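A.B. asks: Only the shape, not the letters, is given here:
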Ligand SMILES: [Fe+2]
Ligand SMILES: [Fe+2]
(Lines give C-alpha, C1' and ligand atoms only; values in the text may rest on other atoms or scores of the structure.)
(Ligands and ions follow the chains in the order given, each with its own letter.)
Protein backbone atom coordinates (compact mmCIF):
# COMPACT_ATOMS: atom_id res chain seq x y z
CA UNK A 1 0.00 0.00 0.00
CA UNK A 2 1.45 3.36 -0.95
CA UNK A 3 1.86 6.16 1.56
CA UNK A 4 -1.17 8.38 2.11
CA UNK A 5 -0.20 11.95 1.26
CA UNK A 6 -2.80 14.70 1.34
CA UNK A 7 -2.16 18.01 -0.34
CA UNK A 8 -3.45 19.98 2.64
CA UNK A 9 -2.76 23.35 1.06
CA UNK A 10 -5.05 22.52 -1.88
CA UNK A 11 -7.63 20.86 0.36
CA UNK A 12 -7.80 23.98 2.52
CA UNK A 13 -8.15 26.24 -0.51
CA UNK A 14 -11.00 24.14 -1.86
CA UNK A 15 -12.67 23.93 1.58
CA UNK A 16 -12.62 27.72 1.88
CA UNK A 17 -14.23 28.33 -1.49
CA UNK A 18 -17.97 27.67 -1.85
CA UNK A 19 -18.51 27.36 1.91
CA UNK A 20 -22.23 27.80 1.15
CA UNK A 21 -22.25 24.23 -0.21
CA UNK A 22 -21.78 22.86 3.30
CA UNK A 23 -21.10 19.11 3.17
CA UNK A 24 -20.70 19.08 -0.61
CA UNK A 25 -17.08 19.78 -1.54
CA UNK A 26 -15.31 19.89 -4.89
CA UNK A 27 -14.20 16.34 -4.18
CA UNK A 28 -17.80 15.13 -4.47
CA UNK A 29 -17.59 12.67 -7.36
CA UNK A 30 -21.20 11.74 -8.09
CA UNK A 31 -23.69 13.53 -10.33
CA UNK A 32 -25.37 15.58 -7.60
CA UNK A 33 -28.60 16.27 -9.47
CA UNK A 34 -29.00 12.62 -10.43
CA UNK A 35 -28.31 11.46 -6.85
CA UNK A 36 -30.93 13.85 -5.44
CA UNK A 37 -33.46 12.65 -8.02
CA UNK A 38 -32.84 9.00 -7.15
CA UNK A 39 -32.98 9.78 -3.41
CA UNK A 40 -36.36 11.42 -3.93
CA UNK A 41 -37.56 8.23 -5.61
CA UNK A 42 -36.30 6.27 -2.59
CA UNK A 43 -38.06 8.76 -0.30
CA UNK A 44 -41.33 8.19 -2.20
CA UNK A 45 -40.79 4.42 -2.01
CA UNK A 46 -40.37 4.61 1.77
CA UNK A 47 -43.42 6.84 2.26
CA UNK A 48 -45.56 4.45 0.18
CA UNK A 49 -44.24 1.61 2.37
CA UNK A 50 -45.21 3.51 5.54
CA UNK A 51 -48.73 4.04 4.17
CA UNK A 52 -49.12 0.43 3.06
CA UNK A 53 -47.93 -0.99 6.39
CA UNK A 54 -50.18 1.42 8.32
CA UNK A 55 -53.18 0.39 6.23
CA UNK A 56 -52.32 -3.27 6.85
CA UNK A 57 -51.85 -2.67 10.58
CA UNK A 58 -55.29 -1.14 10.93
CA UNK A 59 -57.05 -3.59 8.61
CA UNK A 60 -55.52 -6.90 9.72
CA UNK A 61 -58.17 -8.84 11.58
CA UNK A 62 -59.09 -12.38 12.49
CA UNK A 63 -57.50 -15.31 14.26
CA UNK A 64 -53.70 -15.37 14.10
CA UNK A 65 -53.53 -11.74 12.98
CA UNK A 66 -51.82 -10.46 16.17
CA UNK A 67 -48.31 -11.45 15.09
CA UNK A 68 -48.77 -9.86 11.66
CA UNK A 69 -50.29 -6.70 13.16
CA UNK A 70 -47.31 -6.18 15.46
CA UNK A 71 -44.95 -6.74 12.52
CA UNK A 72 -46.86 -4.28 10.29
CA UNK A 73 -46.65 -1.59 12.97
CA UNK A 74 -42.93 -2.13 13.55
CA UNK A 75 -42.18 -2.10 9.83
CA UNK A 76 -44.17 1.11 9.39
CA UNK A 77 -42.02 2.79 12.05
CA UNK A 78 -38.82 1.56 10.44
CA UNK A 79 -39.87 2.69 6.95
CA UNK A 80 -40.58 6.11 8.48
CA UNK A 81 -37.07 6.13 9.92
CA UNK A 82 -35.69 5.30 6.47
CA UNK A 83 -37.68 8.17 4.95
CA UNK A 84 -36.23 10.54 7.57
CA UNK A 85 -32.64 9.40 6.90
CA UNK A 86 -33.13 9.98 3.19
CA UNK A 87 -34.71 13.42 3.61
CA UNK A 88 -31.79 14.39 5.88
CA UNK A 89 -29.26 13.22 3.30
CA UNK A 90 -31.05 15.13 0.51
CA UNK A 91 -30.78 18.37 2.49
CA UNK A 92 -27.09 17.65 3.22
CA UNK A 93 -26.63 17.46 -0.53
CA UNK A 94 -28.35 20.85 -0.83
CA UNK A 95 -31.42 19.33 -2.45
CA UNK A 96 -35.06 19.48 -1.46
CA UNK A 97 -36.90 16.40 -0.18
CA UNK A 98 -40.07 15.90 -2.20
CA UNK A 99 -43.01 15.22 0.11
CA UNK A 100 -45.60 16.26 -2.46
CA UNK A 101 -48.46 13.73 -2.39
CA UNK A 102 -49.05 14.48 -6.05
CA UNK A 103 -47.06 11.95 -8.07
CA UNK A 104 -45.98 10.08 -4.95
CA UNK A 105 -47.11 6.68 -6.26
CA UNK A 106 -45.37 7.14 -9.60
CA UNK A 107 -42.10 8.33 -8.01
CA UNK A 108 -42.16 5.26 -5.74
CA UNK A 109 -40.46 2.05 -6.85
CA UNK A 110 -42.79 -0.13 -4.80
CA UNK A 111 -46.55 -0.25 -4.88
CA UNK A 112 -49.39 0.58 -2.56
CA UNK A 113 -51.46 -2.58 -2.45
CA UNK A 114 -54.24 -2.87 0.11
CA UNK A 115 -54.65 -6.65 0.20
CA UNK A 116 -57.86 -8.35 1.21
CA UNK A 117 -56.84 -10.53 4.16
CA UNK A 118 -53.75 -10.99 6.32
CA UNK A 119 -52.18 -13.52 3.93
CA UNK A 120 -52.58 -11.29 0.88
CA UNK A 121 -51.29 -8.30 2.88
CA UNK A 122 -48.18 -10.25 3.87
CA UNK A 123 -47.66 -11.29 0.24
CA UNK A 124 -48.02 -7.72 -1.02
CA UNK A 125 -45.56 -6.51 1.62
CA UNK A 126 -43.07 -9.22 0.72
CA UNK A 127 -43.43 -8.27 -2.96
CA UNK A 128 -42.76 -4.60 -2.10
CA UNK A 129 -39.76 -5.46 0.07
CA UNK A 130 -38.26 -7.58 -2.69
CA UNK A 131 -38.64 -4.65 -5.11
CA UNK A 132 -36.93 -2.35 -2.60
CA UNK A 133 -34.12 -4.87 -2.07
CA UNK A 134 -33.42 -5.09 -5.80
CA UNK A 135 -33.67 -1.40 -6.50
CA UNK A 136 -31.55 -0.36 -3.49
CA UNK A 137 -28.88 -2.90 -4.46
CA UNK A 138 -28.80 -1.39 -7.92
CA UNK A 139 -28.54 2.14 -6.49
CA UNK A 140 -25.56 1.03 -4.39
CA UNK A 141 -23.81 -0.41 -7.44
CA UNK A 142 -24.61 2.76 -9.40
CA UNK A 143 -23.17 5.01 -6.68
CA UNK A 144 -19.99 2.96 -6.44
CA UNK A 145 -17.30 4.99 -4.69
CA UNK A 146 -18.67 8.31 -5.89
CA UNK A 147 -20.75 9.09 -2.80
CA UNK A 148 -19.83 6.71 0.01
CA UNK A 149 -22.03 8.40 2.63
CA UNK A 150 -25.17 7.93 0.55
CA UNK A 151 -24.04 4.43 -0.37
CA UNK A 152 -23.60 3.49 3.29
CA UNK A 153 -27.02 4.92 4.16
CA UNK A 154 -28.64 2.87 1.39
CA UNK A 155 -26.73 -0.18 2.65
CA UNK A 156 -28.08 0.38 6.20
CA UNK A 157 -31.62 0.64 4.80
CA UNK A 158 -31.13 -2.39 2.55
CA UNK A 159 -30.10 -4.48 5.56
CA UNK A 160 -33.40 -3.65 7.27
CA UNK A 161 -35.46 -4.33 4.12
CA UNK A 162 -33.87 -7.77 3.99
CA UNK A 163 -34.86 -8.32 7.63
CA UNK A 164 -38.41 -7.20 6.77
CA UNK A 165 -38.57 -9.66 3.87
CA UNK A 166 -37.36 -12.45 6.15
CA UNK A 167 -39.96 -11.54 8.84
CA UNK A 168 -42.75 -11.63 6.25
CA UNK A 169 -41.58 -14.92 4.79
CA UNK A 170 -41.53 -16.56 8.25
CA UNK A 171 -44.99 -15.21 9.06
CA UNK A 172 -46.34 -16.52 5.77
CA UNK A 173 -44.82 -19.93 6.48
CA UNK A 174 -46.34 -19.99 9.97
CA UNK A 175 -49.77 -19.09 8.66
CA UNK A 176 -49.76 -21.48 5.71
FE1 LIG B 1 -37.57 1.05 4.08
FE1 LIG C 1 -39.05 -2.59 4.49
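C.D. replies: Structure's in. What do you need? Everything quoted here is computed from the prediction, not taken from an experiment. Ligands and ions are numbered 1, 2, ... in the order given.
A.B. asks: tell me the phi and psi of residue 4?
C.D. replies: Note on residue 4: its backbone torsions stand at phi -90, psi 120 [degrees, to the nearest 10].
A.B. asks: quick one, what contacts it?
C.D. replies: Shown in contact with residue 4 (CB atoms under 8 Å, 6 or more residues apart in numbering): no residues. Heads up, the C-betas are built off the backbone N, CA and C, glycines and all.
A.B. asks: Also residue 156?
C.D. replies: Residue 156 sits in contact with residue 85, where contact means CB under 8 Å, 6+ apart.
A.B. asks: can you tell if the strand or helix carrying it touches ligand 2?
C.D. replies: Per DSSP states H and E, residue 156 falls inside helix 148-175. Yes. On the criterion CB under 5 Å from the ion, helix 148-175 is in touch with ligand 2 at 161, 164.
A.B. asks: for that helix, which positions count as buried?
C.D. replies: 150-151, 153-154, 157-158, 160-162, 164-165, 167-168, 171-172 (16 or more other CB atoms under 10 Å).
A.B. asks: Ok, stretch 87-96 next?
C.D. replies: Buried-residue list, stretch 87-96, by 16+ other CB under 10 Å: 87, 89, 90, 93, 95.
A.B. asks: What about these, which are in helices?
C.D. replies: Using DSSP state H, the members of the buried residues of stretch 87-96 that fall within helices are 87, 89, 90.
A.B. asks: For the residues you listed, give me CSV that also has distance to ligand 1.
C.D. replies: CSV is the format used below for these (distance: CB to the ion, whole Å):
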residue, distance to ligand 1
87, 13
89, 14
90, 15
